[in-house]
Structures are given as C-alpha cells and as structure tokens.
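*Asks:* let me see the structure of the following:
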Amino acid sequence: MHFILPLAIGLVALLYASVGHAGATGYIAVMTLLGMPPSAVRPTALVLNVIVATIATVQFSRAGHFRPRLFWPLAVASVPCAFVGGTLTLPTAAFEAVLGGVLLASAVQIIRTSFGAPDVDDVTASADRPARQRTAVSLATLGGGIGLLSGLTGVGGGVFLTPALLALRAAPVKSIAAVTAPFILVNSLAGLAGGLLAGRPLQAVSLPVIAAAVLGGAVGSHWGAFRLPVRTLRLLMAGVLLFASVKLLARPLGL
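*Replies:* Model prediction:
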C-alpha cells in the first residue's frame with residue numbers, strides 16, 4: 001500500500017491537472033479502494049486538492065489563459081457557500097446518483113462535440129462575446145451553488161464547474177481550465193476551514209504522497225497549459241468527468 005498509494009495519487013494528479021482540475025474525486029476513489037477510513041478520506045482529498053490546484057493555477061496563468069472577470073464572481077460567491085457546506089454532514093447516496101448522471105451526460109456531450117470542433121483554441125471576438133454577456137449575478141449564482149456542493153461532497157467543485165461553463169460557452173476551453181484551477185483552490189481551502197469548524201481534524205499526509213501529488217500536478221498542468229491541443233484537452237475533460245460519474249454512481253447502484 002505504501003507504494004501503490006503514492007503512485008495512484010500521482011497518476012490522478014497528472015490526469016486531472018492537465019484539464020485544470022485537482023483530482024479530489026480521484027483521490028477519494030483511490031483512498032476508498034485502499035481501505036482508508038472515511039474520516040480521513042475527505043480532509044486528505046482536500047489537502048491534496050490545495051496542492052495540485054495551486055500548481056495548476058500558476059501554470060495556466062503563466063500561459064496567459066486566466067480570465068479574472070470570469071473567475072471573481074464565481075469565487076466570491078462560492079467560498080462562503082463551500083465553508084457552509086464543509087460544516088455539514090448529510091446522506092449523499094441520492095445526491096450522488098443524480099450528480100453522477102449529470103456528469104455522465106456532460107462527458108458524452110463533450111465527446112460528441114469534440115469530434116465536430118476544430119482542434120484549435122479559437123479565441124476570437126465571437127468566442128469572447130458569450131463570456132462578456134454573462135452577468136456577475138448569474139456567475140455568482142452558479143458559483144454559490146457549486147461552492148455549496150463542493151463543501152458538502154469534499155471536492156473542489158471542478159467537476160461541477162467545467163461542464164457548466166462548457167455548456168454556457170463561457171470561454172475557450174483553456175480559459176475554462178485556467179479559471180477552474182483557482183476556483184478549486186479557494187473552495188478546497190473553504191471546505192477545509194468548514195470541516196475544522198465542525199470538529200473534523202486534518203489528517204497527516206505522508207511525504208511520498210505529497211511528492212507524488214506535486215510531481216503529477218506539475219507535469220499534468222504544464223501539458224495542459226502549454227502543450228496539449230484543445231481537442232485533446234476536451235477529451236481529457238470528458239475522461240475526467242466519466243471517471244467522476246462512475247465513482248459517484250458506484251455506491252447508489254451497489255457496485
């Protein structure tokens with residue numbers, strides 16, 4: 001287990017960071033499969049989220065994809081909601097079933113549209129126009145809802161935010177990834193703070209696991225920000241969402 005856990009965490013971090021995510025759903029799945037106690041899984045996943053999301057934020061920002069006007073309304077509303085969600089402990093089987101179905105449908109839609117879309121990040125006036133038309137209020141409403149869900153489930157919210165922004169055509173793909181990474185970062189921090197307030201202490205994370213997350217996050221986010229073509233990035237996003245949907249649907253379906 002001492003060898004398998006860091007390896008699995010590093011692979012999850014690499015895949016998720018390539019699309020601007022931090023990997024909480026993957027970490028939760030890995031730790032659950034390896035028999036870690038539920039009380040340790042949620043805070044550990046958020047700690048790893050903070051590490052990988054920080055790296056991804058820096059990499060995508062360095063590449064020039066970050067859009068402050070899209071990020072700030074989402075983040076300002078999501079942080080207090082994620083904090084509140086982090087203080088709560090609710091039964092989640094029905095919620096996971098519905099959410100898993102939504103993520104599965106989102107992944108299928110991304111795959112379907114990816115093969116009909118050009119393999120370039122077309123940052124044109126027409127691509128920018130939908131982002132400008134999104135009002136701060138509508139973005140804040142979206143961010144608040146996702147923040148609450150992220151706090152409740154112990155993830156950073158990327159698996160909710162990415163399909164929503166893609167469906168809204170809010171920005172080019174790499175800009176969505178660049179906004180998703182810091183969104184996950186602030187929500188993970190808020191979720192950790194809420195958990196601490198609710199009396200759930202942080203768990204110690206071993207150095208090999210931290211090192212694996214750092215390495216995987218650095219390599220994956222560099223590929224996503226600087227090297228991967230947009231169609232590949234979209235298909236990776238679909239893969240991440242498929243993985244998350246399977247993880248969410250497994251328990252309600254008794255798998």
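*Asks:* flag every buried residue along stretch 150-170.
*Replies:* 150-166, 168, 170 (16 or more other C-beta atoms under 10 Å). For the C-beta atoms, the positions are set from N, CA and C on the backbone; glycine is no exception.
*Asks:* how far does it sit from its chain's centre?
*Replies:* When distances are taken as C-alpha atoms, centre = their mean, to the nearest Å, stretch 150-170 is centred 7 Å away from the chain's centroid.
*Asks:* end to end on it, go ahead and measure it.
*Replies:* Stretch 150-170 has an end-to-end distance of 21 Å (C-alpha to C-alpha, to the nearest Å).
*Asks:* list the buried ones in the host helix or strand of residue 71?
*Replies:* Counting by DSSP states H and E, the element that carries residue 71 is helix 68-87. Residues of helix 68-87 classed as buried: 70-79, 81-87 (neighbour count, 16+ other C-beta under 10 Å).
*Asks:* so which of the buried residues of stretch 150-170 are in helices?
*Replies:* Using DSSP state H, the members of the buried residues of stretch 150-170 that fall in helices are 150-153, 158-166, 168.
*Asks:* out of those residues, show me where the pLDDT dips lowest.
*Replies:* Among these, residue 153 carries the weakest pLDDT, at 73.
*Asks:* distance of it from residue 191?
*Replies:* 9 Å (C-beta to C-beta, to the nearest Å).
*Asks:* name the residues contacting each of the two.
*Replies:* residue 85 (C-beta atoms under 8 Å, 6 or more residues apart in numbering).
*Asks:* ok, back up a step: any idea of the mean pLDDT for the helix holding residue 71?
*Replies:* Rounded mean pLDDT across helix 68-87 is 92.
*Asks:* same thing with stretch 209-216?
*Replies:* 96.
*Asks:* and that stretch, how far out from the chain's middle?
*Replies:* That offset, for stretch 209-216, works out to 17 Å (C-alpha atoms, centre = their mean).
*Asks:* give me the residues contacting it.
*Replies:* When contacts are defined by C-beta under 8 Å, 6+ apart, stretch 209-216 is touched by residues 5-7, 9-15, 17, 23, 48, 51-52, 55.
*Asks:* check stretch 237-247 too.
*Replies:* Residues contacting stretch 237-247 (C-beta under 8 Å, 6+ apart): 15-16, 19, 21, 25-26, 28-29, 100-101, 103-104, 106-108, 110-111, 114, 159, 162-163, 166, 173, 177.
*Asks:* repeat that for 6 Å
*Replies:* 16, 19, 21, 25, 29, 100, 103-104, 106-107, 110-111, 159, 162 (C-beta atoms under 6 Å, 6 or more residues apart in numbering).
*Asks:* in the chain, which helix or strand is least confident?
*Replies:* Lowest by mean pLDDT, DSSP states H and E among the helices and strands of the chain is helix 125-133, with a mean of 42.
*Asks:* can you show me the helices along the stretch 1-150 of the chain?
*Replies:* Secondary structure of the stretch 1-150 of the chain (DSSP state H, counting those that start in this stretch): helices at 4-17, 24-33, 38-62, 68-87, 93-114, 125-133, 136-153.
*Asks:* alpha carbons only: can I get stretch 65-81 in PDB?
*Replies:* Taking C-alpha atoms only, stretch 65-81 is exported to PDB below (Å, rounded to 0.1, in the frame of the first residue of the first chain):
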ATOM      1  CA  HIS A  65      -5.300  31.700 -20.200                       C
ATOM      2  CA  PHE A  66      -6.700  33.100 -16.900                       C
ATOM      3  CA  ARG A  67      -9.700  35.400 -17.100                       C
ATOM      4  CA  PRO A  68     -10.300  37.500 -13.900                       C
ATOM      5  CA  ARG A  69     -13.700  38.700 -14.900                       C
ATOM      6  CA  LEU A  70     -15.000  35.200 -15.200                       C
ATOM      7  CA  PHE A  71     -13.300  34.000 -12.000                       C
ATOM      8  CA  TRP A  72     -14.100  36.600  -9.400                       C
ATOM      9  CA  PRO A  73     -17.900  36.500  -9.400                       C
ATOM     10  CA  LEU A  74     -17.700  32.700  -9.300                       C
ATOM     11  CA  ALA A  75     -15.200  32.700  -6.400                       C
ATOM     12  CA  VAL A  76     -16.600  35.400  -4.300                       C
ATOM     13  CA  ALA A  77     -20.000  33.600  -4.000                       C
ATOM     14  CA  SER A  78     -18.600  30.100  -3.800                       C
ATOM     15  CA  VAL A  79     -16.200  30.500  -0.900                       C
ATOM     16  CA  PRO A  80     -18.700  31.200   1.900                       C
ATOM     17  CA  CYS A  81     -21.100  28.500   0.400                       C
END
